[in-house]
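*Asks:* following is a predicted model, sequence given first.
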Amino acid sequence: MAKQNNSCVFVLFFVLCFVNNSVYGLFDPDDLIVETPLGKLQGVDLGESYAFGGVPFGKPPVGPLRFNAPEPPEPWSGIHPANYFGIGCSQTCYEPSSACPTTIQEDCLYLNIWVPKTSSRTLPLEAAFGFLYLGDIFDPYTNTTSKHANYGMQDQQLAFKYVQDNIHLFGGDPNMVTVSGQSAGAQSIGLHLLSNESEPLFQQTYMISNPYGLPYKNPKDATKLAEYFAEAIGCPPLDITCFREKEEAEVLAASKSAQSNIINPLELFQYFEQWNPTVGEGEYPEEPVMAYEEGNFQRKPTMAGSVTKKDEPMYTECSVTRYHGGCIVYYFDF
Ligand SMILES: *[C@@H]1O[C@H](CO)[C@@H](O)[C@H](O)[C@H]1NC(C)=O
Ligand SMILES: *[C@@H]1O[C@H](CO)[C@@H](O)[C@H](O)[C@H]1NC(C)=O
């Protein structure tokens, strides 16, 4: 546990799709254009694989969509160049700089899709301003009172849905999807295994270093944290309209300032991962560790373990690929 650190605030995880080897014929290697229901994407040839980077799977979560459920992207006309990688979500990165995104922006709901010429592929992504908890509040954007919680998990679900709907166009099999994550990413996977919304979206998982036993924030404590956030950003508590009017940098600064408040010393995540999911109602009614103990989880092929030499392979892979959305961790200790 000592190795857990603040980078967990921003989720790092992967979707792996096993590919049949006959990707050829799905798209012409000369122009690398894939036609999706939303529009055309043009990928790049990386030698060992084809890649489609910066594939939009959600509307930019800005303006009224900040601190809101993500929405599917708008269709586009023409050809969207899918040749850029590494745009990170807005974050204060506590990792060595080689493992931090070089560019960050709030508009970050993009997938990177690799189509291997021979074996499997990975899709990393990160979640945006994902875990401010506001509970049931009126949202003047939608004119409804609804739950504002765990948008980060919803961002990931939208990405999983994108994979279900589109991955066949890239040679993947939507019935053979493995989701995986390390540390905070593994926590996400542990929660997806509890969520009825996530259930149809993947078939198997592996979790690396999921700190299972630690208690998550409950709605009451999460609301208190949101109050500290409101104070730091200069808004009345739970005033979602006011939160949306602030600059991205102000949101980041207020998150950083609010997270230093320990609301419940027994919720150990508060010492190193304040902005994590909230459980105890709705989609995640119980503490994950209790849900697993009681057998309330999806029975799917799963590997769980920790990583030996945890930092080393992770950072090496990150800096080698420079795909800062994620890293591949090779060393397991099961
Ligand atoms: C919400 O209500 C306001 C005021 O009545 C209206 O201007 C706005 O268009 C409504 N928004 C939606 C999404 O219905
Ligand atoms: C998930 O689905 C199961 C089976 O239908 C149901 O018993 C359970 O209450 C659902 N969980 C939530 C949190 O809605």
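*Replies:* Here it is on my side, so go on. Ligands and ions are numbered 1, 2, ... in the order given.
*Asks:* show me what whichever strand or helix holds Q187 is packed up against.
*Replies:* Element membership for Q187, per DSSP states H and E: helix 184-192. If contacts are counted by 3 or more CB pairs under 8 Å, 6 or more residues apart in numbering; DSSP states H and E, helix 184-192 sits against strand 13-19, helix 151-166, strand 172-182, strand 204-208, helix 288-294. Glycine gets a C-beta too; all of them are placed from N, C-alpha and C.
*Asks:* ok now the shortest one, how far from the chain's centre?
*Replies:* The reference is to strand 204-208. Distance, stretch centre to chain centre, for strand 204-208: 15 Å (CA atoms, centre = their mean, to the nearest Å).
*Asks:* contacts for it?
*Replies:* If you take CB atoms under 8 Å, 6 or more residues apart in numbering as the criterion, strand 204-208 is touched by 177-183, 185-186, 189-190, 192-193, 300-307, 329, 332.
*Asks:* helices or strands next to the next helix-or-strand element following that strand in the packing?
*Replies:* Counting by DSSP H and E, the element after strand 204-208 in chain order, helix or strand, is helix 219-233. The contact analysis (3+ CB pairs under 8 Å, 6+ apart) places helix 219-233 against strand 135-139, helix 240-245, helix 248-258.
*Asks:* can you convert the ones you listed into CSV and add a column each for distance to Q204 and mean neighbour count?
*Replies:* Conversion of those to CSV gives the following (distance: least, CB to CB, whole Å; neighbours: other CB atoms under 10 Å):
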stretch, distance to Q204, mean neighbour count
strand 135-139, 33, 15
helix 240-245, 37, 17
helix 248-258, 33, 17
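*Asks:* out of the ones you listed, nearest to ligand 2?
*Replies:* Proximity to ligand 2, assessed across those by CB to the nearest ligand atom, is greatest for strand 135-139 (15.9 Å).
*Asks:* next, the angle helix 219-233 makes with the closest one.
*Replies:* If you take axes from the mean of the first three to the mean of the last three CA atoms, to 10 degrees, strand 135-139 sits at 50 degrees to helix 219-233.
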